[in-house]
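A.B. asks: Sharing a sequence plus its predicted fold:
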Amino acid sequence: MYILLWYMFSTSLSLYNKNLMGRDRFNFNFPLLVSAMHALLHAIITGLMMTFGGDRWRSPSKVSMTMSDYFLKVVPCGVAAAIEICCSNASLVFITLSFYTMVKSSTPVWVLLFSFIFGFEKPRLVLITIIVVMVVGVSLTVEGETKFDRLGFGLVLVAAIVSGLRWNLTQLLLQQDRLGMNNPIATLYYLSPVMFITMLSLSLLVENPIDQFKHSKHFDSLSHVIESFGLMSIGGVLAFCMTLAELYLIKSTNTVTLSVAGISKEIVIITLSVLIYGDVLSQKTLIGLFISIVGIIAYNYNIHSRKKAAMNSKSIANFDKN
């Protein structure tokens, strides 16, 4: 159920953001400000839910988070999430949605590498081989891009790398009941203010929105101001629903499962990009995409085989006991 909701909201948000920020679309060239407004909306929604939801969203252990836990564990996760989202949104100003999606498909590589670091996965030859295959696929995709933009590529690559760190840090938070963040609402409640402050700071430093508002067609009248903030709010609701679905998936499975399961969603987005925006995919790009998919399928098969072997071993052990 959660994975279907994630597919729906994630695909809708990708198409929505491209239409909002693409140069050849609405051209709302304040991607960092958009990200900050989304985080602010998340903070308000989760704040209301935590305040009026009684004990439903709070940890049953009634443990209060210490300042040390907040700054050493919550803040790094919030900053990583903010950087990943800002870079993702900013890249859509410069590159096509299909190219963005294909480069972002390298996220499982970074999730795996950080999973090795955090101890969620053990480095094994088969996993390293799968990583190499996916890297080769993404490299061919980059070489075959017909509308390559260096800045856009750099931004989406940073987003993919930080995304791997982000979700491993999130999994650490969700697995520690003593922090009182063992459910997605509480996690967003603590992370959203950090994300908002980080994103707003980046927006003020890079975009200088207050000064740019004077020259932007999106803020030259009251009706345009209302329209702009309304559009940002719609995206914020989509992002909130998508993030909740992601967090519930991580809570019930793990970050690697979430990343790998996204391949079908990415294929759908690439197909829609070609049909809706007329994105052109070169032969080399298609070969790279195919290789990446092979790598992800190989990983899926490896995980399924390991789980099946573990279940068989457990069944045999239980049979021997009886």
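C.D. replies: Right, received. Where do you want to start?
A.B. asks: what's the spacing between T141 and I185?
C.D. replies: T141 sits at a distance of 37 Å from I185 (criterion: CB to CB, to the nearest Å). For every residue, glycine as well, the C-beta is placed using N, CA and C.
A.B. asks: what about those two, which has more around it?
C.D. replies: Neighbours were tallied for T141 and for I185 using other CB atoms under 10 Å; the higher tally belongs to T141 (27 against 18).
A.B. asks: Run through the residues that contact that one.
C.D. replies: The neighbours of T141, taking CB atoms under 8 Å, 6 or more residues apart in numbering as the test, are 99, 102-103, 284-285, 288-289, 292.
A.B. asks: Helices of this protein, residue ranges please.
C.D. replies: With DSSP state H as the criterion, the chain has helices at 2-21, 31-52, 67-69, 75-91, 97-104, 107-118, 125-143, 150-174, 184-206, 209-212, 222-252, 255-261, 263-277, 283-321.
A.B. asks: Which neighbouring elements make contact with the first one?
C.D. replies: Think helix 2-21. Helix 2-21 sits against helix 31-52, helix 97-104, helix 222-252, helix 263-277, with contacts defined as 3 or more CB pairs under 8 Å, 6 or more residues apart in numbering; DSSP states H and E.
A.B. asks: Report the backbone C-alpha coordinates of that helix in CSV.
C.D. replies: These are the backbone C-alpha positions of helix 2-21, laid out as CSV (Å, rounded to 0.1, in the frame of the first residue of the first chain):
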residue,chain,number,x,y,z
TYR,A,2,2.7,2.5,1.0
ILE,A,3,4.8,1.7,-2.0
LEU,A,4,1.9,2.4,-4.3
LEU,A,5,1.2,5.8,-2.6
TRP,A,6,5.0,6.6,-2.9
TYR,A,7,4.9,5.8,-6.6
MET,A,8,1.9,8.1,-7.1
PHE,A,9,3.0,11.1,-5.0
SER,A,10,6.7,10.9,-6.1
THR,A,11,5.8,10.8,-9.8
SER,A,12,3.3,13.6,-9.4
LEU,A,13,5.8,15.7,-7.5
SER,A,14,8.5,15.2,-10.2
LEU,A,15,6.2,16.3,-13.0
TYR,A,16,4.9,19.2,-10.9
ASN,A,17,8.3,20.5,-10.0
LYS,A,18,9.5,20.3,-13.6
ASN,A,19,6.5,22.3,-14.8
LEU,A,20,6.9,24.8,-12.0
MET,A,21,10.7,25.4,-12.3
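A.B. asks: Roughly how far does the closest residue to G152 other than its chain neighbours sit from T101?
C.D. replies: Closest residue in space to G152, ignoring its immediate chain neighbours: F94 at 3.1 Å, by CB to CB, 6 or more residues apart in numbering. Computed with CB to CB, the distance linking F94 and T101 is 14 Å.
A.B. asks: Ok, P108 next?
C.D. replies: From P108 over to T101 (counting by CB to CB), the distance is 13 Å.
A.B. asks: Quick one: residues contacting M102.
C.D. replies: By CB under 8 Å, 6+ apart, the contact set of M102 is 138, 141, 266, 270, 285, 288-289, 292.
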